[in-house]
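Asker: The following block contains a protein sequence and its predicted model.
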Amino acid sequence: MAKILVTGAAGFIGSHTTDCLLGEGHAVVGVDNFRTGRKENLATALRSPAFALHVKDVAAPGVLAALVAAERPDAIIHLAALVSVQESIANPELNFSLNVQASQLVAEAARLHGVGRVVFASSAAIYGDAAERPIRESAEKRPVSPYGAAKLASEDLLLGHGACYGFTVRCQRYFNVFGTRQDPASPYSGVISIFARNYREGKPVTLFGDGRQTRDFIAVRDVARANALAATRPGLTSGAANICTGRATSLLDLAGIFAAAHPGVGAPVHRPARAGDILHSLGDPAAAAALGFTARTGVAEGLAELISEPPVPVLP
Ligand SMILES: NC(=O)c1ccc[n+]([C@@H]2O[C@H](COP(=O)([O-])OP(=O)(O)OC[C@H]3O[C@@H](n4cnc5c(N)ncnc54)[C@H](O)[C@@H]3O)[C@@H](O)[C@H]2O)c1
């Protein structure tokens, strides 16, 4: 059994990662300031004696280091971030503080207190508009937003510190993650959570362009398992891996699956394509497979679960 500190534990990916680690018998120290996360997401975890939640800001100097000194985790999974590309464009200073400085504070906490491993939530956004398809880890990195640039800078910061001070760093380049607990109220939320809410409420969805854009959608349950593996599997060395399925799904395909489950809802409304939208994004999952991770949940299966799942209840 390992003790894992998870930053951003109350978020979409963080809460599923926490549940997965607890399910595998590990102890979890969760940290979150509820910037975008919710206590409700941790309803299961909070019932476990192996889970402790600290409401703290990991971007504030000294805070994480003090917690790591007190808790002595075997690994840190760093998920806390400003997660929206659009918000990073509107507020690049805040993006720098939450997505670069906070990573430096994670590296510092690991260095000062002998943490053996750091798992970092990177993103396919570091590849930007790279033409390669499927995208391998060696593809040229051409981030086109402050968010993508910060994720790339954080990878380098953490890998450099790990190499110098002797801890392992695993950078997880998530593609499009979907599943329960993703907040559809955010205007920046993933397309699937917005589709799910609209269809549930009987409202037609909007497709920008012809709807033939494709994405590599990966179920959050698989991402949680990938994070747990990266944090706990013995013998892993530092590096980066795409966390993806290697399968492309178009937005029209998605709308078709939702429409079949909600026959009364009107057809999608088409609007002109948005400037800057990437047409196709597809990852190569081979490097993660070599480390022991392969996604198991298909889009149709994951969507069926999402459609049948009741919304997360509000905690008192
Ligand atoms: N969802 C995706 O498709 C996707 C894709 C690529 C990368 N990522 C990355 O995965 C990570 C998790 O994203 P998510 O989709 O679960 O988003 P989320 O907003 O649900 O989770 C982020 C969590 O971090 C917390 N947080 C933010 N700043 C904090 C701070 N300074 N101190 C403490 N807690 C803080 C938030 O309250 C929230 O609970 C992020 O690093 C994100 O950039 C997500």
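Answerer: Right, received. Where do you want to start? Everything numeric here is computed off the predicted structure, so don't read it as measured data. Numbering: from 1, shown residues only.

Asker: alpha carbons only for contacts and neighbour counts from here, please
Answerer: Noted.

Asker: Show me what Ala241 bridges to in the sheet.
Answerer: With DSSP bridges as the criterion, Ala241 is bridged to Gln172.

Asker: so how far is Ala230 from it?
Answerer: Distance of Ala241 to Ala230, computed by CA to CA, to the nearest Å: 10 Å.

Asker: what is in contact with those two at once?
Answerer: Arg170 (CA atoms under 8 Å, 6 or more residues apart in numbering).

Asker: how about low-confidence regions in this protein?
Answerer: 185-189, 276, 310-316 (pLDDT under 70).

Asker: quick one, helices of it?
Answerer: 12-23, 63-71, 85-90, 92-96, 102-113, 146-165, 191-200, 220-232, 251-261, 286-290, 299-308 (DSSP state H).

Asker: Can you list the buried residues in stretch 247-256?
Answerer: Arg247, Ala248, Thr249, Ser250, Leu251, Leu252, Asp253, Leu254, Ala255 (16 or more other CA atoms under 10 Å).

Asker: these two touch, right, the second one and Arg215?
Answerer: Yes: counting by CA atoms under 8 Å, Arg215 is a contact partner of Ala248 at 5.4 Å.

Asker: between these two, what contacts are shared?
Answerer: Residues touching both Ala248 and Arg215 (CA under 8 Å, 6+ apart): Ser281, Leu282.

Asker: and the residue lying closest to Gly11 once chain neighbours are set aside, how far is that from Ala90?
Answerer: Distances taken as CA to CA, 6 or more residues apart in numbering place Gly37 nearest to Gly11, at 4.1 Å, with adjacent residues excluded. Look at Gly37 and Ala90: by CA to CA, they are 20 Å apart.

Asker: Those two: who's more crowded?
Answerer: Counted by other CA atoms under 10 Å, Gly37 and Ala90 do not tie: Gly37 has more neighbours, with 22 against 12.

Asker: give me every residue that touches that one.
Answerer: Contacts of Gly37 by CA under 8 Å, 6+ apart are Gly8, Ala9, Ala10, Gly11, Phe12.

Asker: The fourth one - how many residues pack around it?
Answerer: When you say that, I think you mean Gly11. By other CA under 10 Å, the residues close to Gly11 number 28.

Asker: can you check Ala275 too?
Answerer: 6.

Asker: for Asp19, same thing?
Answerer: 26.

Asker: roughly how far apart are it and Glu40?
Answerer: In terms of CA to CA, Asp19 sits 13 Å off from Glu40.

Asker: before we move on, what about Gln101?
Answerer: From Gln101 across to Glu40, the span is 28 Å (CA to CA).

Asker: just Phe208 next, same as before
Answerer: 32 Å.

Asker: what's the answer for Ala286, then?
Answerer: The gap separating Ala286 from Glu40 is 35 Å, by CA to CA.

Asker: Can you give me the neighbour number for Ala163?
Answerer: Per other CA under 10 Å, the neighbour tally for Ala163 reads 12.

Asker: for Ala290, same thing?
Answerer: For Ala290, using other CA under 10 Å, the count is 10.

Asker: Pull the contacting residues for the closest residue in space to Glu108 that isn't next to it in sequence.
Answerer: Nearest residue to Glu108 in three dimensions, chain neighbours excluded: Ala65, at 7.2 Å (CA to CA, 6+ apart). Contact analysis of Ala65 by CA under 8 Å, 6+ apart lists Leu105, Val106, Glu108, Ala109, Ala110, Leu112, His113.

Asker: Recalculate using a threshold of 10 Å.
Answerer: Counting by CA atoms under 10 Å, 6 or more residues apart in numbering, Ala65 touches Val58, Glu71, Leu105, Val106, Ala107, Glu108, Ala109, Ala110, Arg111, Leu112, His113.

Asker: Kindly report the same for Leu152.
Answerer: So Leu152 contacts 99-100, 122-127, 141-143, 146, 171, 173 (CA under 10 Å, 6+ apart).

Asker: Could you identify the most distant pair in those?
Answerer: Pro146 and Cys171 (18.2 Å; CA to CA).

Asker: Spatially nearest residue to Arg170 (excluding sequence neighbours)?
Answerer: With CA to CA, 6+ apart as the criterion, Arg170 has its nearest non-adjacent residue at 4.7 Å, and that residue is Val119.

Asker: Isn't the one you found up against Ile77?
Answerer: Yes: the pair Val119 / Ile77 is scored as a contact, 4.6 Å apart, by CA atoms under 10 Å.

Asker: what does the stretch 51-200 of the chain put close to the ligand?
Answerer: 56-59, 79-83, 98, 121-123, 174-177 (CA under 6 Å from any ligand atom).

Asker: mind listing what the residue in the chain sticking out farthest from the centre touches?
Answerer: Farthest-out residue of the chain from its mean C-alpha position, per CA atoms, centre = their mean: Gly264, at 32.6 Å. Going by CA under 10 Å, 6+ apart, Gly264 touches Tyr199, Gly202, Lys203, Pro204.
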